[in-house]
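In: Pasted the sequence and its predicted model underneath.
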Amino acid sequence: MNKRQIAAATGLLAAMLAACGGSGSGSDSGKANQTAARLTMGGAAKAPAATRWGSVKFGGGGYVPGLIYHPTSPDVLYARTDMGGAYRWDAATKAWLPITDAFGAAEGYYHGSESMALDPNDDQRVYMSTGMYLSENADARLYISTDRGDSWQYVKLPFSAGSNSPARAVGERLMVDPNQPAILFYATRASGMWKSSDHGQTWSQVASLSTHNMSKSEINAVPQNGVVGFEQVLFDTDTKGTGNATQTIYTAVAPDYAAVAGLAYAMYKTTDGGATWSGIATPADVAGFYLPHMVRNKDGMLYVAFTKTSGPGAGGPSRLYKFDGAHWTLLKQYDAQQWVNFGMGGLSVSGTGAGTRIALGVTNSWGNYEGQPVVQLSDDAGLSWREIAAAAPHVPANNGFSGWTDDVEIDPNNPEHILHVHGGGVWETRNASAAKPTWTDASVGIEETATSALMAPPPGASYTLLRSAGDVGTSVQTELLKSPVRGSWGMFNSTFSSDMAWSNPAYMVTTGSHVWNSTVAAAYSTDAGVTWQGFATNHPDALPNENGAGNLAVTKLNNVVWAPSHAAPAYTTDNGATWTYTNLPALAHVGIDRAYHLAADRKNPNKVYAYNSGGAWWAQWSETPHFYTSTDGGHSFTESATFAANSWTADFYATSIAVNPKAEGDVWVTDGKSILHSLDAGATWTRLSATAPIWGQSQFQPDVYGATSIALGKAPAGAQYSASVYVAGVINGVWGVYRSDDGGVSWTRFNDDQHQYGGISTLAADQNVPGRLYVSGGGRGVLFSY
C-alpha cells in the first residue's frame, strides 16, 4: 500500500464526483482496484467498475491520545488513536494520512494503538502496539513498519494492552533505545517491564524490576478496566547510534500495579541497561499520584507531571516538578478549588538551561474563558507561566479544545509550533510566542467518529446522508467534502439510530443517550436537520435502556416506532406526545445489549418489519430468532412462520435488516452467518448460500462473521434487479464488502485489501448515484465509494 501516492487535492476529487452526479469528501485513500474479481454463484451479472474510496468529512470526531514526533527528521509526526487506527502527518498537504486502513475485520480489536515508537536513527521505522482492552491474557500485538506505515507486519506480544482503556494517553510506554535501536522497552499495564533486543521480534520480562503478572481478579479490582501499571520509559542520553545500549533509563509505575507487585516507589532508575534498578523517592505531596508524562531536556534535566487521577482528562490535585537526578524542584501546582480541580496531562520541553521552553497541558479544565489554564507555557524553565490557548483565537471558533489536553508537543524543529490533543482531534499554533497565539484545527484527515447508524435519503432530499455516532450525536451531511453544519448538537451524549420519512425526508428522527441536564432520549426535525426538537415524552422504557442497540423506524410524518434496548417497541403518531406499546414482547436482559431491528417499507409505509436476532447462539439464554411484519404502521405485528427455520441466532451488532425501496415487501436480513431474502414481506424466506463465517479457535463466536450488514441502493442501467445489494461479509473465505446487481445470484468484491478500515460495520447505499456506498469503518468515521 503506497499511501504516499494519495491524491492531495480535493478539487480533483470534487470534479470527478460532480461528473458522476454527486459530491464527495477527502482525498483518494489509496489506489483503486485495477480489476474486480467476480465471484459467481450462478447468473452473469456484469462486474462493477473499479472502486475508489474517500472520507465523508466530519473532521476529527474522536480522541487522539498521543502525538509522536521523530526527534530529528522534520515533519515526521504520527498520531495514534484509541480505536480508530493511526495517522501520519503529510506536510505537503497539511493533512493526516491514515496508515492502518488495510486492517481487516479480523483486526478490528487491534485498530487502536496504546503506544507508538520511532527509531531515532531510521525515520522509516515505526512500531505500534495494539489491543483495545486490558485483560489477563497475552493478547496484544506489535505492528512493525519499515516504510513509515505504508505496510505492516506484526508479532504477538506476551502481554495485554489497553488502547481504549483509561489512562490511554499515559506514556509513551514503548521506546526505542537511541544508541542501540534493536533494543526496545515496553512499560506494560499489568505485566511489568518488557524488553526486546531484536527490533521487537521477541520479548522477555525485565525480571530485575518485577516479575508480577496481574491476575484477572487483580485487574478486575481496579474500576473500569483502569489498571495503569508501568507508565513510560525514558532513555537518559544525548547520543544516538553509538551501537552500545543506553545504560541509564528511567521508568514510572502507577499505584495500582505497585501495590500488588510489592514496588515501593513511583519512579525507578537503572544505570546498567536494566540489569538492576533502584527506586527514586518522589516528593511527599505526590504520594499515590499518577505520572502521565515525564520528559528529558537536552541538558539532562527531567520534567515530571504528577496528577491524582489517571485520565483521560485527569483531575487534580496536580504538580509539575523538575528533577536533576538528585533534587526535586516544584514548578507548578493546582489544588482543588470550588468548581474546578485541574489535573496535568501533556508535557513537552525545548531548549536548555534557564531558557527552557515548557508546554504543559492542563486537564479537566473545561470551557474557554480568560484566566483559564488549558495550555500553559513557560520560557524560563518554569519560573513564570502564561496561558496560550484559553481565550486565544481559534479557527474555526466553535470547535472545542479544552478538557482532555492529555498530550502536548513542541515541534523539535520549530519551538513556535506547538500541538495539543483533545477529545475531538488536534489543535496547533505556529506563533506560540505571541501574546495571544492563533490556533488552527489540525485534525484535517483524521476521521474518528464511532458510527452507529447510517441512512441515505430518497431522491429529492436536500441532504446526502444521515449519520449517528458515539460522543458527537447525529449529523446531516449536505456535502460530502465539508463538515456537517446540521445536527443534534448538544442534545445527546451519543446517538444510536436515525431514520427519515421516505415521503417527506425533511422529517427525521434520532435516538440516543440523554445529556446531564436533560432527559430527552429522542428528537425530531421537520426541516432536514436545521433545527431539532426533543420528543415531548420518551418511550416509557427508554431511560433505563439507553444502550447502543436501541433503534427506530419512521413510517410517515409524526409517526415513529421506537425499540430501546431490551424494550418492547412502542409507537407514536404525534411526535412523542403519547406512546403506545406494540404487541411485541420485551427482550430479556441477558448480559448482552440487544433490541429489535426495525425497518419501514419504503413503498408502503403501513408495513413495518421487526427482527429479533435472538441474542447469541452459543449462550444458554439465547432464543430462536424471530421476524415480524406489521400492516398497520407498526402498531401490531404478526410473526413469520418460516423465518426461524432459515435463520441463525446471533448478536444484535452482527445482524441487520434492509428493504428494497423500489419494491413493496422486498426485505433482506443478515443474521451473522447468511443472507436471507423475502419477496412477500417476510411470509417466506430464501437463504442465500453465498456467505459463511470464518472460524478460529473460539467455540463461542467466529473470528469473522459471515454476513453482518446489508444495504440496497440505486441500480445501474440494465441491471437484472431493481436495486444494487451490498453486504459486509465473507464469500469464498474472503471478508469484504460485496455487491450484487442481480438480486443476490452473483456477487463481486467491492472493496479491496487496502480499504478495510479495521472492519466495516454499517452500510447505507445512495439512492441517486449507482455504485455510491457509504460505510463506517472501525472508529474510522464514514467512507464512501465513487
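Out: Thanks, I have it.

In: Tell me where the model's unsure across the protein.
Out: Flagging of the chain using pLDDT under 70 yields the residue ranges 1-50, 619-620.

In: now the helices for it?
Out: 10-19, 216-220, 255-261, 643-646 (DSSP state H).

In: Now A381: closest residue in space, sequence neighbours ignored.
Out: T356 (4.1 Å; CB to CB, 6 or more residues apart in numbering). The way it works is simple: take the backbone N, C-alpha and C, and place the C-beta from them, glycine included.

In: and the gap between the one you found and S378?
Out: When CB to CB, to the nearest Å is applied, the distance between T356 and S378 equals 8 Å.

In: returning to what we had before: please tell me I have it right and the residue nearest to A381 contacts S348.
Out: No. Between T356 and S348 no contact is recorded; they are 10.8 Å apart, counting by CB atoms under 8 Å.

In: tally of neighbours for V408?
Out: Applying other CB atoms under 10 Å, we find 26 residues neighbouring V408.

In: typed the wrong thing, it's A182
Out: Using other CB under 10 Å, A182 has 15 neighbouring residues.

In: so what's the closest residue to it other than its chain neighbours up against?
Out: Ranked by CB to CB, 6+ apart and with sequence neighbours excluded, the top spatial neighbour of A182 is H199, at 5.3 Å. Contacts for H199 were tallied using CB atoms under 8 Å, 6 or more residues apart in numbering; they are 125, 144, 181-182, 184.

In: could you pull out the strands for the stretch 351-500 of the chain?
Out: 357-363, 375-378, 386-387, 394-395, 408-410, 418-422, 425-429, 439-441, 450-455, 465-470, 473-477, 486-487, 492-501 (DSSP state E, counting those that start in this stretch).

In: ok, back up a step: if any of the contacts of H199 are buried, put those into a ChimeraX selection.
Out: In ChimeraX, the members of the contacts of H199 classed as buried (16 or more other CB atoms under 10 Å) are selected with the following command:
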select :125,144,181,184
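
In: list the contacts for the residue nearest to G744 when sequence neighbours are not counted?
Out: With sequence-adjacent residues excluded and distances taken as CB to CB, 6+ apart, G744 is closest to L688, at 5.1 Å. When the contact criterion is CB under 8 Å, 6+ apart, the partners of L688 are 41, 674-677, 744.

In: Out of these, which is nearest to S433?
Out: Nearest to S433 out of these is I675 (CB to CB; 60.7 Å).

In: Who has more neighbours out of T356 and S348?
Out: In this view T356 and S348 are compared by other CB under 10 Å, and S348 has more residues nearby, 24 against 21.

In: if I look at the more buried one, how far off is L383?
Out: Applying CB to CB, one obtains 18 Å for the distance of S348 from L383.

In: Same check on S647?
Out: Between S647 and L383 the computed distance is 70 Å (CB to CB).

In: now do M116
Out: Noted for M116: a distance of 33 Å to L383, by CB to CB.

In: who's more crowded, these two?
Out: Between M116 and L383, counted using other CB under 10 Å, the more crowded position is M116 (23 against 10).

In: residue contacts, the more buried one?
Out: Applying CB under 8 Å, 6+ apart to M116 gives the contacts 66, 68, 78, 80, 86, 126-129, 172, 174.

In: Which ones among those map onto strands?
Out: Here DSSP state E is the test, and the contacts of M116 give 66, 68, 78, 80, 86, 126-129, 174 as lying in strands.

In: which one of those residues sits closest to P540?
Out: Within the set of the ones in strands among the contacts of M116, R80 lies nearest P540; the separation is 43.0 Å, counting by CB to CB.

In: bridging residues for that closest one?
Out: Residues found in beta-bridge contact with R80 (criterion: DSSP bridges) are G66, A86.

In: residues touching it, list them.
Out: Taking CB under 8 Å, 6+ apart as the definition of contact, the neighbours of R80 are 64-66, 68, 86, 112-116, 128, 163.

In: same check, this time on G325
Out: Under the criterion of CB under 8 Å, 6+ apart, the contact partners of G325 comprise 300, 302.

In: re earlier: show me just the buried residues among the contacts of M116.
Out: Applying 16+ other CB under 10 Å to the contacts of M116, the neighbour count classes 66, 68, 78, 80, 86, 126-129, 172, 174 as buried.

In: Any chance of JSON lines for the ones in strands among the contacts of M116, columns distance to E447?
Out: Shown next, in JSON lines, are those (distance: CB to CB, whole Å):
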{"residue": "G66", "distance to E447": "18"}
{"residue": "I68", "distance to E447": "19"}
{"residue": "Y78", "distance to E447": "16"}
{"residue": "R80", "distance to E447": "15"}
{"residue": "A86", "distance to E447": "13"}
{"residue": "V126", "distance to E447": "21"}
{"residue": "Y127", "distance to E447": "24"}
{"residue": "M128", "distance to E447": "19"}
{"residue": "S129", "distance to E447": "22"}
{"residue": "L174", "distance to E447": "25"}
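
In: Out of those residues, which is nearest to T100?
Out: Sorting these by distance to T100 puts A86 at the head of the list, at 5.2 Å, by CB to CB.

In: That closest one touches W96, doesn't it?
Out: No. Using CB under 8 Å, A86 and W96 do not qualify as a contacting pair, with a distance of 9.4 Å.

In: Spit out the residues that contact the two alike.
Out: Counting by CB under 8 Å, 6+ apart, the shared contacts of A86 and W96 are A79.

In: list the contacts for S197?
Out: With contacts taken as CB under 8 Å, 6+ apart, S197 has the following neighbours: 182-183.

In: one step back: farthest pair in the contacts of L688?
Out: Taking CB to CB, the two most distant members of the contacts of L688 are M41 and L676; they sit 15.0 Å apart.

In: who has more neighbours, the two?
Out: Summary of the neighbour comparison: M41 and L676, criterion other CB under 10 Å, with L676 having more neighbours (26 against 15).

In: ok, E409 - how many residues close by?
Out: Counted with other CB under 10 Å, E409 comes out at 24.

In: oh, and call the first residue 13 from now on, that's how I've got it
Out: With 13 as the first residue, the last one maps to E421.

In: if I look at it, how far off is A729?
Out: Distance of E421 to A729, computed by CB to CB: 52 Å.

In: I figured L785 hits S797, correct?
Out: Yes. Because the distance of 4.6 Å satisfies CB under 8 Å, L785 is recorded as touching S797.

In: which residues are common contacts for the two?
Out: By the contact definition CB under 8 Å, 6+ apart, L785 and S797 are jointly contacted by F762.

In: buried ones in stretch 646-659?
Out: Within stretch 646-659, the residues that count as buried by 16+ other CB under 10 Å are 646-647, 649, 652, 655-656, 658-659.

In: Pull that stretch out as CSV, backbone CA atoms only.
Out: Extracted as CSV, the C-alpha positions of stretch 646-659 are listed here (Å, rounded to 0.1, in the frame of the first residue of the first chain):
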residue,chain,number,x,y,z
GLY,A,646,-46.1,-0.6,13.3
HIS,A,647,-49.0,-0.7,15.8
SER,A,648,-49.3,-4.5,15.8
PHE,A,649,-47.1,-7.3,14.4
THR,A,650,-47.5,-10.9,13.1
GLU,A,651,-44.7,-13.3,13.3
SER,A,652,-43.3,-15.0,10.2
ALA,A,653,-43.8,-18.8,10.5
THR,A,654,-40.9,-19.6,8.2
PHE,A,655,-38.1,-17.3,9.4
ALA,A,656,-36.8,-19.1,12.4
ALA,A,657,-36.1,-22.3,10.4
ASN,A,658,-34.0,-20.3,8.0
SER,A,659,-32.1,-18.1,10.4
